[in-house]
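**Student:** build me a model from this:
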Amino acid sequence: MAATSFLLVSFSVAVWMSIIGVVFASLSSGLGELSFLSLSVFFNRNVLEGWGSGTGGAGVAGAFLYSALIQAGLSPQVTLLIMLVVPFLMLVSYFMVLVPSSSLPQWSRMQTDYEALDSEETQQLLDESEDESSTPENEDRSVGPVTIKEKFEIIKSLVWFVIPLGLVYFAEYFINQGLMELLFFRNFFLSHAAQYRWYQTLYQVGVFVSRSSLCCLKIRKLWIFSFLQVLNAIFLVFAVRFQFLPSAWLMFGIIFYEGLLGGAAYVNTFYFISKETEDRYREFAMAMASVGDSLGIALAGCVAFPVHHYFCSF
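**Tutor:** Coordinates of the predicted model:
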């Protein structure tokens, strides 16, 4: 899906084709996030720190490379074709670099099928070794599938995680999709398009910094991020309407701060869900909570359309 998105957008000959390419990129990102967050529960909990930092770093690398290559004179088409290396690296990292966890059911079955080709004596030794190395945590997960009733209870318990995360992402992407393009400065050395590209880059830098902060700081009061990000969005609505911001440099700082709030909300939400959810329910909880930010982004896009149109009508 990621490779298809790059190809569709780079060879696009109409707006509808570009939009379909963006849809494929969103499908790739959304399904990937849901899958990898669920898989993270089968590894050491510290893997969430790596996930947060890695996804933040990916945003910085993608935004910076695109901005830098365009600034260097390459066309958007050539730049996107160069980026096809990313889906290839994803395949290599997952199937060749990642060390499988024996506690994950799918990998356990694959391992068993492979070992069945070995001798009966060797298989017996491997089975005994695996039995001895099993942990109570892994046994808890194999007590049968989570029932529908339990799933509803898990969803209810996630509400106070999902609502703050959804609000943060609603405000964040309302800024990115509805306001950011309109916050440009004419008497500046960067063009309108270049300012927008570097806004996106600085936003991703802020996300990367805050998503890498778990090792130093953990914040349980998630509503703080919601309040500050909504306040940020309201401030920028007035900034677009009345054009009172004096400099692009100040805007760069505000966009960086926006990224800090979004990244911190994301990584702290999933850290505390992982920490406070029972082992047996953690996989389902991590997957369901990822719906919060996606719903906020989708709603932000719907609201950003009329707001952007309204401001452009002046």
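
**Student:** can you check the pLDDT for R282?
**Tutor:** R282 is assigned 87 on the pLDDT scale.

**Student:** W16 now?
**Tutor:** 95.

**Student:** tell me which helix or strand comes right after the lowest-mean-pLDDT helix or strand in the chain.
**Tutor:** Every helix and strand of the chain was ranked by mean pLDDT, DSSP states H and E. The lowest is helix 136-141, at a mean of 45. Next helix or strand after helix 136-141 toward the C-terminus (DSSP states H and E): helix 148-174.

**Student:** what's that next one packed up against?
**Tutor:** helix 223-242, helix 248-276, helix 279-312 (3 or more C-beta pairs under 8 Å, 6 or more residues apart in numbering; DSSP states H and E). Glycine gets a C-beta too; all of them are placed from N, C-alpha and C.

**Student:** R45: how many residues sit nearby?
**Tutor:** The tally of other residues near R45 (other C-beta atoms under 10 Å) stands at 12.

**Student:** host element of it?
**Tutor:** Applying DSSP H and E, one finds R45 in no helix or strand.

**Student:** quick one, phi psi at it?
**Tutor:** phi -60, psi -20 (degrees, to the nearest 10).

**Student:** contacts only, for the nearest residue to it once chain neighbours are set aside.
**Tutor:** Leaving aside its sequence neighbours, R45 sits nearest to S274 (C-beta to C-beta, 6 or more residues apart in numbering; 5.8 Å). With contacts defined as C-beta atoms under 8 Å, 6 or more residues apart in numbering, S274 is in contact with S40, V41, R45, L48, R282, M286.

**Student:** S274 and Y257: what is the separation?
**Tutor:** In this view, S274 and Y257 are 27 Å apart by C-beta to C-beta, to the nearest Å.

**Student:** same question for V237.
**Tutor:** 16 Å.

**Student:** same check on L222?
**Tutor:** 17 Å.

**Student:** out of these two, which sits in the busier spot?
**Tutor:** L222 (20 against 17).

**Student:** pLDDT score assigned to the closest residue in space to that one that isn't next to it in sequence?
**Tutor:** Nearest in space to L222, with sequence neighbours left out and distances taken as C-beta to C-beta, 6+ apart, is P164 at 4.0 Å. The per-residue pLDDT reported for P164 equals 94.

**Student:** how about S28?
**Tutor:** Looking at S28, its pLDDT reads 93.

**Student:** for the remainder of this discussion, apply numbering that starts at 166.
**Tutor:** Sure, I'll start counting at 166 from here, so that last one is S193.

**Student:** which helix or strand lies directly C-terminal to the host helix or strand of it?
**Tutor:** Under the criterion of DSSP H and E, S193 resides in helix 180-204. Next along the chain after helix 180-204, taking DSSP H and E as the criterion, comes helix 212-236.

**Student:** count of residues packed around F350?
**Tutor:** The number of residues near F350, taken as other C-beta under 10 Å, comes to 17.

**Student:** what about stretch 454-471, average pLDDT?
**Tutor:** 90.

**Student:** ok, and what's touching it?
**Tutor:** In contact with stretch 454-471 (C-beta under 8 Å, 6+ apart) are residues 195, 198-199, 202, 323, 326-328, 330-339, 341-344, 431, 434-435, 438.

**Student:** buried members of these into PyMOL, please.
**Tutor:** Typed into PyMOL, the line below selects the buried ones among the contacts of stretch 454-471, using 16 or more other C-beta atoms under 10 Å:
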select buried, resi 195+198+199+202+323+326+327+330+331+332+333+334+335+336+337+338+339+341+342+343+344+431+434+435+438
